[in-house]
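1. coordinates only, no sequence provided:
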C-alpha cells in the first residue's frame with residue numbers, strides 16, 4: 001500500500017455555483033489540449049514503453065498525492081451548472097455514475113491510521129439529456145453515527161493499533177472492526193448498495209440516503225450463509241441455458257455475482273452467490289480451501305463454467321501478534337506477511353447448473369505473487385483458461401502506510417503491480433506466467449461489461465505516470481491496454497510445447513494508449529460505459545426514486561448467442577470512460593469523460609466540481625437515472641457533518657419511510 005494520511009487542514013470550500021443555473025442544453029468548444037510537459041505514449045509495443053520525460057517520482061509529488069486524502073466534511077446536492085462543463089456531455093450518456101471511497105480521515109480531531117479505514121462517502125453523477133446532477137453522502141452506518149455523536153473514535157479499523165479511543169485497556173482477542181461501507185457501490189434490481197468486504201451491504205435510496213444494513217432478502221447472514229458480502233462483484237450475461245433457470249434459456253439476461261471469504265487457522269471458506277436481475281437468489285456455492293486461512297481473497301473472476309479465486313501466499317506472523325499486536329503497537333493487518341517460500345494457488349470452482357459441459361474443481365500452483373485486483377478471465381477451449389490480473393512479484397507489505405512512506409517507496413520494483421497473464425492448463429496442471437509491460441505500474445482495471453468472463457481485447461486501467469526499470473509512481477494516468485491476441489488455431493499440445501519454459505516471466509506484446517491529467521493530478525478508477533443504442537443495452541430513466549423494475553448495471557452487451565465468443569468487433573471501445581480526477585494544486589475534483597476509442601485525444605467533456613472529493617476506491621455505472629426531474633429547480637443543498645449528523649436521533653439525509661424487507665434499519 002502506498003498511501004498515508006494528510007494532516008493538512010481542509011481547504012476552504014468554494015460556493016457550489018460559479019454562475020447562474022441553466023438547464024438549457026449548451027454546446028461548448030472542445031477543450032484545448034494543455035501542455036503539461038508530458039510525453040503522451042504512442043500506440044506501441046508494450047515491451048518498449050519509455051520512461052516519462054519528467055524526473056522520477058519525488059517527495060513533492062508524494063505531497064500532492066496525500067492532499068487527496070484530506071477529509072471532506074460537506075455533503076452536497078446540486079445541478080452542475082453549464083459554466084462548470086468544459087466540452088459537451090454526450091447526449092447519449094444516460095444513467096448514473098456511482099463512486100465510493102473513504103471520505104473522513106480523522107474522528108474527533110484524531111487522525112486514523114490508514115485512509116482505507118475512513119468512513120465511506122458515496123458520490124453520484126446522474127446524467128440525462130446533456131445535464132448532470134451531483135450528490136455526495138456519508139453512509140450512515142451504526143458505527144459512523146456513534147462516533148460522530150460521541151465526537152471521538154470508538155471502534156478499531158483493520159489498520160488501527162491498540163485501543164482507538166485512546167484508553168489504556170485493549171482486548172487483543174476482540175477482532176471486530178468498524179463498519180465503514182467504503183469500498184464499492186452498485187445499483188442492481190432497482191436498489192443501491194454500499195459494500196465493504198467485512199460487512200453486509202448497506203442499502204441507500206436514490207438520493208444516497210442510508211436505509212440500513214441489508215441481508216438481501218435473507219440470503220446473507222442466515223441459514224449458514226456468511227454474514228458478510230465482498231466488495232468486488234462481477235456481472236455475467238446469460239447466453240447459455242442453466243439447469244436452475246431453464247425457463248429463460250439464452251435470453252441475454254444478467255447475473256450479479258458476489259462472494260465472501262471466511263478465514264480460520266486451518267482453512268478458508270469461499271462462498272459465491274448469483275442473483276438475477278430482480279435480485280432473486282439463483283444459487284449459492286461454498287468451497288472449503290484447506291490451508292488457505294489467510295489467502296487474502298479480495299477479488300474474484302467468473303467465466304461461463306467457473307468461479308476463479310487467487311490464493312495469495314500469506315502467513316500469520318504469530319510472533320508479531322504476541323509481541324506487538326497484543327500490546328497495541330501494531331495493527332492486525334501488519335501481522336499478515338507475504339511468504340515467498342509458498343506458491344500462489346489458483347482455484348477454479350465449477351458454477352452450478354451449467355448445461356453442455358461437465359467441469360471439475362481444479363487447483364493450480366504458480367510462482368509466488370500477490371494480487372489485489374483481477375482484470376478478466378475467459379475459457380479458451382475445454383482445457384485452458386486465460387486469467388489476467390495485476391500482480392506484484394515481491395508481495396505486499398501491510399506495514400507500509402502513512403508516516404513511514406516517501407517517494408523512495410516507488411523505487412522498489414518488486415512492489416510494482418504489473419499486468420500479468422496466467423494461462424491455466426487444466427489438463428496438464430500447470431500455469432504459464434507472462435507479463436504485459438512489466439515496467440508500467442497499473443491498478444483499478446476495467447473491461448467492457450459485455451466482455452466480462454469472455455475473450456476480450458481492451459483493458460482500461462489507471463497507471464503510473466512514471467515508468468522505468470526501477471522508478472515508478474502511484475496511479476494517475478488513464479491507460480487503454482490492447483491485449484495480445486490469443487491464437488485460436490493453436491492446439492493445446494502445441495501451446496504446451498511453446499510454453500515449456502513455463503514460469504519464466506516472458507513479456508507479451510500489446511499496445512497502450514495514455515491520457516495524463518498532469519503531474520499534480522490523479523485520475524481514479526475509470527468506468528467503461530457503452531454507447532446507448534447498441535445491442536440489448538436499454539437506457540432507462542428513473543423518477544428520482546428506487547424502482548423494482550429491471551435496472552441493472554450498464555452492460556452494453558451485444559446480442560451474441562455463440563458460446564463464449566466474446567465481444568463483437570468494435571463494441572469493446574464503443575463508449576466512454578468516466579473517471580474522477582483529483583487536482584492537488586486547486587484542491588478540487590473533475591469528472592472527465594473520454595471517448596474509449598480515442599483515449600489519447602483527451603476528454604470530450606470535463607465537469608469541474610468547485611470542491612474536492614477525496615481519492616476514492618471503486619464504483620459502477622447504472623442505466624437508471626438517479627437524479628431529480630429535469631424541471632426540478634430546487635436550490636443546492638450543503639450539510640457540514642461537523643454541525644451534527646442527526647436531529648433528535650434521526651440521521652440527517654436518512655430516509656424517513658419504512659425500511660425495505662430484509663433491512664435492519666438504523667432509523668430511530
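-> That came through fine. It should be emphasised that the depicted structure is a prediction, and the values quoted were computed from it without experimental measurement.

2. the residue nearest to residue 87 when sequence neighbours are not counted: what's it in contact with?
-> Nearest residue to residue 87, sequence neighbours excluded (CB to CB, 6 or more residues apart in numbering): residue 605, at 3.9 Å. Quick note: C-beta positions are derived from backbone N, CA and C, even for glycine. Counting by CB atoms under 8 Å, 6 or more residues apart in numbering, residue 605 touches 28, 85-90, 592-593.

3. out of those, which end up buried?
-> Among the contacts of residue 605, those scoring as buried are 85-90, 592-593 (criterion: 16 or more other CB atoms under 10 Å).

4. narrow the contacts of residue 605 to those in strands?
-> Counting by DSSP state E, these place 85-87, 592-593 in strands.

5. element containing the nearest residue to residue 188 once chain neighbours are set aside, please.
-> Leaving aside its chain neighbours, residue 188 sits nearest to residue 256 (5.0 Å; criterion: CB to CB, 6+ apart). Using DSSP states H and E, residue 256 maps to strand 253-263.

6. any idea of the mean pLDDT for that strand?
-> Taken as a whole, strand 253-263 has an average pLDDT of 91.

7. buried residues, that strand. List them.
-> 253-261, 263.

8. so residue 93 makes contact with residue 575?
-> No: assessed by CB atoms under 8 Å, residue 93 is found out of contact with residue 575, at 9.2 Å.

9. just the helices in this structure please.
-> Listed in chain order, the helices of the chain (DSSP state H) span 59-67, 142-150, 318-320, 492-498.

10. adding distance to residue 207, write those out as JSON lines.
-> Formatted as JSON lines, the helices of the chain follow (distance: least, CB to CB, whole Å):
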{"stretch": "helix 59-67", "distance to residue 207": "29"}
{"stretch": "helix 142-150", "distance to residue 207": "18"}
{"stretch": "helix 318-320", "distance to residue 207": "45"}
{"stretch": "helix 492-498", "distance to residue 207": "53"}
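
11. rewinding a little: between the contacts of residue 605, which is nearest residue 640?
-> residue 85 (26.2 Å; CB to CB).

12. what bridges to that closest one?
-> Taking DSSP bridges as the rule, residue 85 bridges to residue 607.

13. gap between it and residue 592?
-> Here residue 85 is placed at a distance of 11 Å from residue 592 (CB to CB, to the nearest Å).

14. which neighbours do these two have in common?
-> Common neighbours of residue 85 and residue 592 (CB under 8 Å, 6+ apart) are 605-607.

15. pLDDT and distance to residue 70 added to those, as CSV?
-> Shown next, in CSV, are the shared contacts of residue 85 and residue 592 (pLDDT from 0 to 100; distance: CB to CB, whole Å):
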residue, pLDDT, distance to residue 70
605, 98, 26
606, 99, 21
607, 99, 20
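
16. any chance of these in CSV, plus distance to residue 311?
-> CSV is the format used below for those (distance: CB to CB, whole Å):
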residue, distance to residue 311
605, 42
606, 41
607, 41
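
17. ok, those residues vs residue 465, which is closest?
-> Distances from residue 465 to the shared contacts of residue 85 and residue 592, taken by CB to CB, are shortest for residue 606, at 18.5 Å.

18. tell me the pLDDT of residue 69.
-> Predicted confidence (pLDDT) for residue 69: 96.

19. tell me the phi and psi of it?
-> The phi and psi values for residue 69, taken as degrees, to the nearest 10, are phi -110, psi 40.

20. from residue 125, how far out is the residue nearest to residue 87?
-> 11 Å.

21. repeat for residue 587
-> 19 Å.

22. of these two, who's got more company?
-> residue 125 (26 against 18; other CB atoms under 10 Å).

23. now the more buried one: closest residue in space, sequence neighbours ignored.
-> residue 97 (4.5 Å).

24. right, and that neighbour touches residue 592 too?
-> No: counting by CB under 8 Å, residue 592 is not a contact partner of residue 97; they are 11.4 Å apart.

25. find the residues that touch each one of these two.
-> Common neighbours of residue 97 and residue 592 (CB under 8 Å, 6+ apart) are residue 578.

26. rewinding a little: return the member of the shared contacts of residue 85 and residue 592 nearest to residue 340.
-> Nearest member of those to residue 340, counting by CB to CB, is residue 606, at 43.8 Å.

27. could you report the neighbour count for that closest one?
-> 20.

28. look up how far residue 68 lies from it.
-> 18 Å.

29. how about the contacts of residue 605 in CSV, adding distance to residue 131 and pLDDT?
-> Converted to CSV, those look like this (distance: CB to CB, whole Å; pLDDT from 0 to 100):
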residue, distance to residue 131, pLDDT
28, 13, 36
85, 9, 98
86, 15, 98
87, 14, 98
88, 12, 97
89, 7, 98
90, 12, 97
592, 17, 99
593, 14, 99
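
30. mind listing what the residue lying closest to residue 154 once chain neighbours are set aside touches?
-> Nearest non-adjacent residue to residue 154, counting by CB to CB, 6+ apart: residue 147, 5.2 Å away. Residue 147 makes contact with 107-108, 153-155, according to CB under 8 Å, 6+ apart.

31. could you do residue 615 as well?
-> 3, 65, 68-69, 101, 115, 522, 524, 582.

32. for those, which one is nearest residue 212?
-> residue 101 (20.9 Å).

33. pLDDT score for that closest one?
-> Residue 101 carries a pLDDT value of 98.

34. just give me the neighbour total for the nearest residue to it once chain neighbours are set aside.
-> Distances taken as CB to CB, 6+ apart place residue 616 nearest to residue 101, at 2.5 Å, with adjacent residues excluded. Using other CB under 10 Å, residue 616 is surrounded by 25 other residues.

35. need the per-residue pLDDT for residue 616.
-> Among the per-residue scores, residue 616 shows a pLDDT of 97.

36. and it, how far from residue 465?
-> Where residue 465 is concerned, residue 616 sits at a distance of 19 Å (CB to CB).

37. same thing with residue 309?
-> Residue 309 is 32 Å from residue 465, by CB to CB.

38. contacting residues around the closest residue to residue 448 other than its chain neighbours?
-> Distances taken as CB to CB, 6+ apart put residue 572 closest to residue 448, at 4.5 Å, once the chain neighbours are dropped. Shown in contact with residue 572 (CB under 8 Å, 6+ apart): 447-448, 450-451, 456-458, 596.
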